[in-house]
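J.: Below is the structure, and that's it, no one-letter string:
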Ligand SMILES: NC(=O)N[C@@H](CC(=O)O)C(=O)O
């Protein structure tokens, strides 16, 4: 039998270390060393090699809102952002609450081929918070669902939450909770605090997030199951998660890039004026003190990973008055640069810390085989090549996402994803889709 063609990535600094060559054959890293040669060569001199990024929280909008994003456009954006796998959230139309829908999303991901798409299953039928969805059927389906979430809505009924936590133990699943006590946030428009007071917008108190996280940590401990907390946004939430982890409970958490960088002051005073819905997001942007606590928690491991909460919306749903605008920001194509600025340039994380929080941990939490492995011999060749010395203004018109609702337009961010390899096959080269 003839040997598969090989590729060598030349001179990459794995996790920012000394330059090395990475020899890839048949989708697997065969060898890491010096002076390696292959049938094809990718020049990676000066670039940092990271394990392919994994997102636990992506809204791909298909089926149902293809005007905002499709699996094709969202996974193109993911590849350009350095991702080799994304978890597609369940708040589609129809909702991903059956084996049929999750298999459809999984197949669309395979057909698109830009990165692996692992569907998230809804916890409750129609995200309505009344009856458990077919969790077992989704777990057993071809999509092999392990992460379940009603994201966008909170599983606020404590009995249902308990049952869901118990149920997923059978297949090592995890409930990813969108922690938002609904009655404490009825009509809420932005973080409750000094800025919401001045602007006259209904506040979204930190306690609405923290109360649910505290309850769910206790429930997860009570039934001995796994809880994952979506998009942690307050300093108080960090304290609760730190406490739950100190007890040895199986609780993990994510933070979004935007909650690591942006604050609620932007709603009042930003380069684009006040009341600009580009800053409207769920959970809301919080205070500088919250941002500082989230950064420290990500650095010390209290928060396990970064997840984008890439939430595309069409122009007509965002460019409207604040109270009518949709909540959400896109993030796949800027995530690594934002983490670079918030965590690496501040000295809080090095590149191995970034690899842990943007690749290893999310793959582990999602039980996603084949991703989140170190760049070393024997691992699948899922690799992101990053130019940490680049610096450029964010230009949304260049994005692959179908939507443009980025809060970073015009802002200069560090770094640039130069190439992404999915099982050895380049999905992005020279910063462009292959
Ligand atoms: N994160 C967001 O602001 N929006 C999410 C869902 C949500 O409301 O959490 C979306 O689907 O648009």
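T.: Thanks, I have it. Owing to the predicted nature of the structure, the values given are computational and were not obtained by experimental measurement. Residues are numbered from 1 along each chain as shown.

J.: What's the local residue count around residue 346?
T.: Using other Cβ atoms under 10 Å, residue 346 is surrounded by 12 other residues. Any C-beta I mention is one placed from the backbone N, CA and C, and that applies to glycine too.

J.: Just list the residues touching it, thanks.
T.: If a contact means Cβ atoms under 8 Å, 6 or more residues apart in numbering, then residue 346 has residue 295 as its contacts.

J.: secondary structure element for it?
T.: Element membership for residue 346, per DSSP states H and E: none, as it lies in no helix or strand.

J.: which residues are in contact with stretch 325-332?
T.: Applying Cβ under 8 Å, 6+ apart, the set of residues contacting stretch 325-332 from outside is 55, 58-59, 74, 77-78, 80-81, 83, 86, 256-258, 277-278, 280-282, 308-313, 317-319, 338, 399, 401, 403-407.

J.: filter those residues to the buried ones?
T.: By neighbour count, with 16 or more other Cβ atoms under 10 Å, the contacts of stretch 325-332 hold 55, 58-59, 74, 77-78, 80-81, 83, 86, 256-258, 277-278, 280-282, 308-313, 317-318, 338, 399, 401, 403-407 as buried.

J.: Let's see which of the residues you listed end up in strands.
T.: With strands identified by DSSP state E, the entries of those that belong to them are 55, 58, 83, 86.

J.: Tell me the one among the residues you listed nearest to the ligand.
T.: Proximity of those to the ligand was ranked by Cβ to the nearest ligand atom; the top entry is residue 58 with 10.1 Å.

J.: isn't the closest one right up against residue 81?
T.: No: with the criterion set as Cβ atoms under 8 Å, residue 58 and residue 81 do not qualify as a contacting pair; they are 10.1 Å apart.

J.: picking that back up, near the ligand too, which of the contacts of stretch 325-332?
T.: When contact is defined as Cβ under 6 Å from any ligand atom, the contacts of stretch 325-332 meet the ligand at 59, 281, 282, 309, 311.

J.: Which strand or helix spans residue 245?
T.: Taking DSSP H and E as the definition, residue 245 sits inside helix 235-246.

J.: in that helix, what's buried?
T.: Of the residues in helix 235-246, 235, 236, 237, 238, 239, 240, 241, 242, 244, 245 count as buried by neighbour count, 16+ other Cβ under 10 Å.

J.: Could you save those as JSON lines and add columns showing pLDDT and distance to residue 197?
T.: Listed next are the buried residues of helix 235-246 as JSON lines, based on pLDDT from 0 to 100; distance: Cβ to Cβ, whole Å:
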{"residue": "235", "pLDDT": "99", "distance to residue 197": "19"}
{"residue": "236", "pLDDT": "99", "distance to residue 197": "19"}
{"residue": "237", "pLDDT": "99", "distance to residue 197": "22"}
{"residue": "238", "pLDDT": "99", "distance to residue 197": "24"}
{"residue": "239", "pLDDT": "98", "distance to residue 197": "24"}
{"residue": "240", "pLDDT": "99", "distance to residue 197": "25"}
{"residue": "241", "pLDDT": "99", "distance to residue 197": "28"}
{"residue": "242", "pLDDT": "98", "distance to residue 197": "29"}
{"residue": "244", "pLDDT": "98", "distance to residue 197": "32"}
{"residue": "245", "pLDDT": "98", "distance to residue 197": "34"}
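
J.: With distance to the ligand added, can I get those in a markdown table?
T.: Output for the buried residues of helix 235-246, formatted as a markdown table (distance: Cβ to the nearest ligand atom, whole Å):
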| residue | distance to the ligand |
| --- | --- |
| 235 | 20 |
| 236 | 19 |
| 237 | 15 |
| 238 | 19 |
| 239 | 22 |
| 240 | 20 |
| 241 | 19 |
| 242 | 24 |
| 244 | 22 |
| 245 | 24 |
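
J.: quick one: which of the ones next to the ligand among the contacts of stretch 325-332 is nearest residue 226?
T.: Using Cβ to Cβ, residue 309 comes nearest to residue 226 of these, at 20.0 Å.

J.: residue contacts, that closest one?
T.: Contacts were defined as Cβ under 8 Å, 6+ apart; by that measure residue 309 touches 57, 58, 59, 230, 231, 256, 258, 281, 328, 329, 331.

J.: Okay, and which of those residues map to helices?
T.: Cross-referencing these against helices under DSSP state H gives residue 258.

J.: Between the contacts of residue 309, which sits nearest residue 48?
T.: When the contacts of residue 309 are compared for distance to residue 48, the smallest value, 20.4 Å, is given by residue 331; criterion: Cβ to Cβ.

J.: What's the per-residue pLDDT of the closest one here?
T.: As summarised for this prediction, residue 331 has a pLDDT of 98.

J.: what's across from residue 25 in the sheet?
T.: In this structure, residue 25 bridges to residue 6, residue 28 when assessed by DSSP bridges.

J.: and it, how many residues sit next to it?
T.: A total of 18 residues lie near residue 25 under the criterion other Cβ under 10 Å.

J.: ditto for the one 4 residues further on
T.: Other residues near residue 29 come to 23 when the count uses other Cβ under 10 Å.

J.: What of residue 200?
T.: Neighbours of residue 200 under the rule other Cβ under 10 Å: 7.

J.: residues in contact with residue 63?
T.: Contact analysis of residue 63 by Cβ under 8 Å, 6+ apart lists 92, 93, 94, 101, 104, 105.

J.: now swap in residue 217 and tell me
T.: The contact partners of residue 217, taken as Cβ under 8 Å, 6+ apart, are 227, 240, 241, 243, 244, 249, 251.
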